[in-house]
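need coordinates for the below:
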Amino acid sequence: MVNGTMTRDMAETIGLRALGWLAGEEELLPVFLGATGADMAELRTRAADPGFLGAVLDFLLMDDAWIVRFCDAQDLAYEVPRAARGALPGGEDRHWT
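Numbering: from 1, shown residues only. Just a heads-up that it's a prediction; the model follows:
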């Protein structure tokens, strides 16, 4: 992060790292595929799509344990995936009030 701000390039890199980590998780990958309707070929073809990388991060952010496992494996601070998600399409904070 630059001055505490996640850039789009950095967020895409974190998303790619999350996708790579998820692809190696034998128990969690089928859950992701089932939730998204994606298949392995689509994972490869959409890896460059920032919106898809946002969906990968959305999935991981559903469970604190998944975030801890990912961040520990990638030597990242636990807040990095949320910051990365915010820098990708559809990840902006929404204020409803």
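
buried stuff in the least confident helix or strand in the chain by mean pLDDT?
Ranked by mean pLDDT, DSSP states H and E, the helix or strand of the chain with the weakest confidence is helix 40-45, at a mean of 89. Residues Leu43 are the ones in helix 40-45 that count as buried (16 or more other Cβ atoms under 10 Å). (Glycine included, C-beta is placed from N, CA and C.)

and the next helix or strand past it?
Sequence order places helix 50-60 as the next helix or strand after helix 40-45, per DSSP states H and E.

convert stretch 15-23 to CSV, retaining C-alpha atoms only.
Extracted C-alpha coordinates of stretch 15-23, given in CSV (Å, rounded to 0.1, in the frame of the first residue of the first chain):
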residue,chain,number,x,y,z
GLY,A,15,-6.6,-10.9,-5.9
LEU,A,16,-4.3,-13.0,-8.1
ARG,A,17,-2.5,-14.3,-5.0
ALA,A,18,-5.9,-15.1,-3.5
LEU,A,19,-7.0,-17.0,-6.6
GLY,A,20,-3.7,-19.0,-6.7
TRP,A,21,-4.0,-19.8,-3.0
LEU,A,22,-7.6,-20.8,-3.5
ALA,A,23,-6.8,-23.1,-6.4
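
average pLDDT for it?
Per-region confidence: stretch 15-23 scores 96 on mean pLDDT.

can you point out the buried residues in that stretch?
Gly15, Arg17, Ala18, Leu19, Trp21, Leu22, Ala23.

need the longest helix for this structure.
Longest helix in the chain by number of residues (criterion: DSSP state H): helix 8-23.

can you give me the first-to-last residue distance of stretch 23-34?
Its start and end residues considered, stretch 23-34 measures 13 Å (Cα to Cα, to the nearest Å).

so what touches it?
Leu22, Ala38, Asp39, Met40, Leu43, Val56, Phe59, Trp66, Arg69 (Cβ atoms under 8 Å, 6 or more residues apart in numbering).

pull out the buried positions in it.
Under 16+ other Cβ under 10 Å, the buried positions of stretch 23-34 are Ala23, Leu28, Phe32.

what's the closest non-adjacent residue to Ala55?
In space, and not counting its chain neighbours, Ala55 is closest to Thr36: 6.5 Å by Cβ to Cβ, 6 or more residues apart in numbering.
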